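Visitor: Sequence first, then the predicted structure:
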Protein chains: 2
Amino acid sequence: MPNTSERGNLMPDSPIRKLVPLADKAKEMGRKVFHLNIGQPDLPTPQNAIDAIRNIDRKILEYSPSEGIKSFREKLAAYYHTFNIDVTAEDIIITSGGSEAVTFAFLACLDPGDEIIVPEPAYANYTAFAILAGAVIKSIPSKIDEGFALPPVSEFEKLITPRTKGILICNPNNPTGYLYNRSEMSQIRDLIKKYDLYLFSDEVYREFCYTGAPYISAFHLEGIEQNVVLIDSVSKRYSECGLRIGALITKNKALKKNVMKFCQARLSPPLIGQIAAEASLENNKEYMHDIYDEYVERRKFLIDGLNRINGVYSPIPMGAFYTVARIPVDDADTFCAWLLSDFEYENQTIFMAPASGFYTTPGYGKDEVRIAYVLKKEDLATSLKILEEALKVYPGSKVRQMAAIAEE
Amino acid sequence: MPNTSERGNLMPDSPIRKLVPLADKAKEMGRKVFHLNIGQPDLPTPQNAIDAIRNIDRKILEYSPSEGIKSFREKLAAYYHTFNIDVTAEDIIITSGGSEAVTFAFLACLDPGDEIIVPEPAYANYTAFAILAGAVIKSIPSKIDEGFALPPVSEFEKLITPRTKGILICNPNNPTGYLYNRSEMSQIRDLIKKYDLYLFSDEVYREFCYTGAPYISAFHLEGIEQNVVLIDSVSKRYSECGLRIGALITKNKALKKNVMKFCQARLSPPLIGQIAAEASLENNKEYMHDIYDEYVERRKFLIDGLNRINGVYSPIPMGAFYTVARIPVDDADTFCAWLLSDFEYENQTIFMAPASGFYTTPGYGKDEVRIAYVLKKEDLATSLKILEEALKVYPGSKVRQMAAIAEE
């Protein structure tokens, strides 16, 4: 039997999906599992999108252009203009989800051994895509006690080597919910300019900024227009995760040419997904208005609830729909697995993503979890109750240990 | 401006799609362009599939499992059983088109510098995916005058080095239409077994075998079940290129685990595409029956027509829906571009794929083109006429040169 690739062996298991088999088993046992692990909103997809699919009037479901359907790209450009992002349809390449956009960005910008600097905790799959491309992620830890603010630029600069090709940010941030402020974005800009790096900016959560602070796109930063690679996706903002429609946006013609080779090799992005995503843009404002209010409420409800549980701490996320919370356990990986395999509260349990998978620095995130507030408040309430009860009985729970000591 | 990746720079332009801008210009000038360049059938997608899409009854278009929807995988397994391919739903991983299946197969099996042996001419994007994975393709030319039969196994063996990890075949073959016979497949099997290699077998055209000779799947070969990586796609057999649904099939658990890491990183294959592809399987036999007869007729019509044109030669393809034809020109790349940019016959022209892009050996395929017979006979007739007329006036045409000499 021939060996599998070392590259594949090195790929981390997804912290979001690796416990799925345990969740499946729990469900087979008849338990209800609340999915706080994955950014799969329970909110409805826009009716426009569903209607566009139901009204498909084609005899042949044929390839679309490798760069995506033109009318869709034109409407996307108009959508970005509403955020003062000055791009044209020509700058936009449609991809199979934001995942493919990140993958192609790495493949087209980075060679094996090239380095990118990423503040952590970070979306776990960046690491996977970097390994896929043979690139190296250099992490700068941000800290829960500082609300996951951007580490000082001096920390970034220390990591720069002749192999450094870029900086990657996710803003608003998955998993922390942090929103970079103007001063932080300016500092990133200066660094990008000084060292002539790529700025990979994942902005799929731009619609979800809750504090009144402005969303600053990488394309708002002056003088680095050729360096910015913007990553986008319709998955989260329209509850369209299944469509697999994202975008890679660059004003850099040489880079676009390079990316297009990867696009042509895989022929085209999904046709039906593009049709549905294009339709979603038509009532973007009205739809987002309702969705937004819902997330504001869920955020408050979840964070308040978490901070009321003995030993649990969550900063208040400024954007996106996740939080990284500290929980009083020996090992969050073990705890999250235990919740699925050994625990039930009224025949229910919760599925959280251990935060260790969002860090590359060993040992970090050991007592942290990522929680997505993509479920309705009632489900969040039950989930909070389950977490509270679990911490009372989990063998590695510090709350339980403290209680035991108090009883002695 | 930072450099683009050397890997991307090395990626070849798609021979199938690189002339698209010229075709677009011809269309802008009001010319009709017959697309013989791309395997995009003009035959209708199964009504079952269209109906499944039009009847979508979901509020949320959510992620599907990373390995694909279970009921779809189960039905696919049953479909393979009708070809005596003994696989289970567990062995099947759904991908975003056959393209992603090849990509993940390479990424999970090959490390940078690893080599695979591929008979050429070969589907051009294999080279692109190999470069993506840092792998090296070693080509063995097959020859038009031998009907593109498999080169002797001794030729394969000569290329084997300690870095050789696999052999890739496409059967029935794109671009040549060749169908490997039992003796050839046995020889491949022996080589795979002897050197413990992977056998990547792209069998997306299995439904299109025209000569009565049996289709021999890689999974029919005894003793190498753990070595086979089967690539499939619904694009061609159901005229569903736009859905982006393919499959990677392996009975090798270690390899499956490795592939699944790449699958989890990109979260899931397209949801709507899976629903439509699953519906397509329901009336597979009836649908394929009609389609098959149509291709048989088109094949005869095209090949007869080609061989009647002065100086043109095409072997008779045994399967798939392509042929590689020799045409009497100085350079097929220049000719194909010229057809789009400088030629029209009654305001129409043809788009063919220059065959040079299907070879990696320099100089090969210089007077060959790949033609897809995916258009109706009437369009093929017009296309043949256009080719004939073009060869009379193209500056680098040998027919024209001969005629000029005869006149002198």
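Guide: Cool, got the structure. Numbering: from 1, shown residues only, chains lettered A, B, ... in the order given.

Visitor: Let's verify A:Thr323: helix, strand, or coil?
Guide: strand (DSSP: H, G, I helix; E, B strand; the rest coil).

Visitor: list the buried ones in the host helix or strand of A:Ala49?
Guide: Using DSSP states H and E, A:Ala49 falls within helix A:47-54. By neighbour count on 16 or more other Cβ atoms under 10 Å in any protein chain shown, the buried set for helix A:47-54 is A:Asn48, A:Ala49, A:Ile50, A:Ala52, A:Ile53. All C-beta spots, glycine's among them, are computed from the backbone N, C-alpha and C.

Visitor: cool, and stretch A:103-122?
Guide: A:103-111, A:114-122.

Visitor: what residue ranges in the stretch 201-350 of chain A are flagged as low confidence?
Guide: Across the stretch 201-350 of chain A, no stretch falls below the confidence threshold (pLDDT under 70).

Visitor: Near chain B, which residues of it are found?
Guide: By Cβ under 8 Å from any Cβ of the partner chain, the residues of the stretch 201-350 of chain A that approach chain B are A:226-227, A:239-244, A:252, A:254-255, A:257-259, A:261-262, A:264-273, A:276.

Visitor: can you pull the pLDDT of A:Arg17?
Guide: Predicted confidence (pLDDT) at A:Arg17: the value is 81.

Visitor: ok, the nearest residue to it once chain neighbours are set aside - contacts?
Guide: Of all residues not flanking A:Arg17 in the chain, B:Gln264 sits nearest, at 4.6 Å (Cβ to Cβ, 6 or more residues apart in numbering or on different chains). Listed by Cβ atoms under 8 Å, 6 or more residues apart in numbering or on different chains, the contact set of B:Gln264 reads A:Asp13, A:Ser14, A:Ile16, A:Arg17, A:Lys18, A:Ala128, B:Ser66.

Visitor: and B:Gln264, what element?
Guide: Short version, using DSSP H and E: B:Gln264 is in helix B:253-265.

Visitor: Could I get the CA-only coordinates of that helix as PDB?
Guide: Provided in PDB are the C-alpha atoms of helix B:253-265 (Å, rounded to 0.1, in the frame of the first residue of the first chain):
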ATOM      1  CA  LYS B 253      -8.800   3.800   4.700                       C
ATOM      2  CA  ALA B 254      -5.500   5.600   5.400                       C
ATOM      3  CA  LEU B 255      -5.900   7.500   2.100                       C
ATOM      4  CA  LYS B 256      -9.600   8.300   2.800                       C
ATOM      5  CA  LYS B 257      -8.600   9.800   6.200                       C
ATOM      6  CA  ASN B 258      -6.000  11.900   4.500                       C
ATOM      7  CA  VAL B 259      -8.400  13.100   1.700                       C
ATOM      8  CA  MET B 260     -11.000  13.900   4.300                       C
ATOM      9  CA  LYS B 261      -8.700  16.500   5.900                       C
ATOM     10  CA  PHE B 262      -8.800  18.500   2.600                       C
ATOM     11  CA  CYS B 263     -12.500  17.900   2.400                       C
ATOM     12  CA  GLN B 264     -13.100  19.200   5.900                       C
ATOM     13  CA  ALA B 265     -10.900  22.300   5.200                       C
END
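
Visitor: what about the strands in chain A?
Guide: A:32-35, A:92-95, A:115-120, A:136-141, A:164-170, A:198-202, A:228-233, A:246-249, A:322-326, A:348-351, A:353-354, A:368-372 (DSSP state E).

Visitor: Please convert those strands to JSON lines, extending it with distance to B:Ala403.
Guide: Output for the strands of chain A, formatted as JSON lines (distance: least, Cβ to Cβ, whole Å):
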{"stretch": "strand A:32-35", "distance to B:Ala403": "72"}
{"stretch": "strand A:92-95", "distance to B:Ala403": "46"}
{"stretch": "strand A:115-120", "distance to B:Ala403": "60"}
{"stretch": "strand A:136-141", "distance to B:Ala403": "61"}
{"stretch": "strand A:164-170", "distance to B:Ala403": "56"}
{"stretch": "strand A:198-202", "distance to B:Ala403": "55"}
{"stretch": "strand A:228-233", "distance to B:Ala403": "54"}
{"stretch": "strand A:246-249", "distance to B:Ala403": "50"}
{"stretch": "strand A:322-326", "distance to B:Ala403": "72"}
{"stretch": "strand A:348-351", "distance to B:Ala403": "75"}
{"stretch": "strand A:353-354", "distance to B:Ala403": "72"}
{"stretch": "strand A:368-372", "distance to B:Ala403": "72"}
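
Visitor: Indicate which one of these is closest to B:Thr361.
Guide: strand A:92-95 (31.8 Å; Cβ to Cβ).

Visitor: what's around the nearest residue to A:Pro121 once chain neighbours are set aside, how many residues?
Guide: Leaving aside its chain neighbours, A:Pro121 sits nearest to A:Phe358 (3.6 Å; criterion: Cβ to Cβ, 6+ apart). A:Phe358 has 26 neighbours, counted by other Cβ atoms under 10 Å in any protein chain shown.

Visitor: Right, I'll leave it there.
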